[in-house]
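> sequence unknown, structure follows:
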């Protein structure tokens, strides 16, 4: 099956975005939304070569701007934030507002449920990514 067909099938099986209860993360929606992030960010260090953004392996609990071998903006290196569910939620809302001067060109995720789903997906998948 092609990736497009699999993605469409996942959308149909998952139902509308946010179909999980108001407080329950929807990992399928999180995976589909992360596809946008995956253009620039790899989940593992091994898959990060040639990507525009740093690898996300070890993200939770890591100080922002510290992945070896990645060239961060001054703003990100000096922000002093440690990535957690709360800080990632604030960042994903609008990266340029959370870290003024960041070089990440992404407008953010407006819907809290979408951010919750992406964060839950990342927590789930990064447990196994190295």
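Everything's here; your move. Keep in mind the model is a prediction, meaning the values are calculated, not measured.
> biggest helix in the protein, by residue count?
Looking across the chain with DSSP state H, the single longest helix is helix 112-126.
> mind listing the strands for this structure?
For the chain, no strands are identified by DSSP state E.
> and the longest helix of the chain, what other elements does it pack with?
Applying 3 or more Cβ pairs under 8 Å, 6 or more residues apart in numbering; DSSP states H and E, one finds that helix 112-126 contacts helix 27-37, helix 85-93. Backbone N, C-alpha and C define where each C-beta goes, glycine included.
> need the winner for burial among those.
helix 27-37 (a mean of 19; mean count of other Cβ atoms under 10 Å).
> so for that helix, mean pLDDT?
Helix 27-37 shows a mean pLDDT of 96.
> for this protein, what helix or strand is lowest in average pLDDT?
helix 3-14 (a mean of 41; mean pLDDT, DSSP states H and E).
> residue 125: how many residues sit nearby?
Neighbour count for residue 125, taken as other Cβ atoms under 10 Å: 17.
> for it, what are its contacts?
Shown in contact with residue 125 (Cβ atoms under 8 Å, 6 or more residues apart in numbering): 31, 43.
> now it: how far from residue 52?
20 Å (Cβ to Cβ, to the nearest Å).
> which parts of stretch 113-122 are buried?
Buried residues in stretch 113-122, counting neighbours by 16 or more other Cβ atoms under 10 Å, are found at 113-122.
> dump these into CSV; add distance to residue 70 and pLDDT as well.
Shown next, in CSV, are the buried residues of stretch 113-122 (distance: Cβ to Cβ, whole Å; pLDDT from 0 to 100):
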residue, distance to residue 70, pLDDT
113, 30, 97
114, 25, 98
115, 23, 98
116, 26, 98
117, 26, 98
118, 20, 98
119, 21, 98
120, 25, 97
121, 22, 97
122, 17, 97
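> nearest to residue 44, of those residues?
Closest approach to residue 44 among the buried residues of stretch 113-122 (Cβ to Cβ): residue 122, at 12.4 Å.
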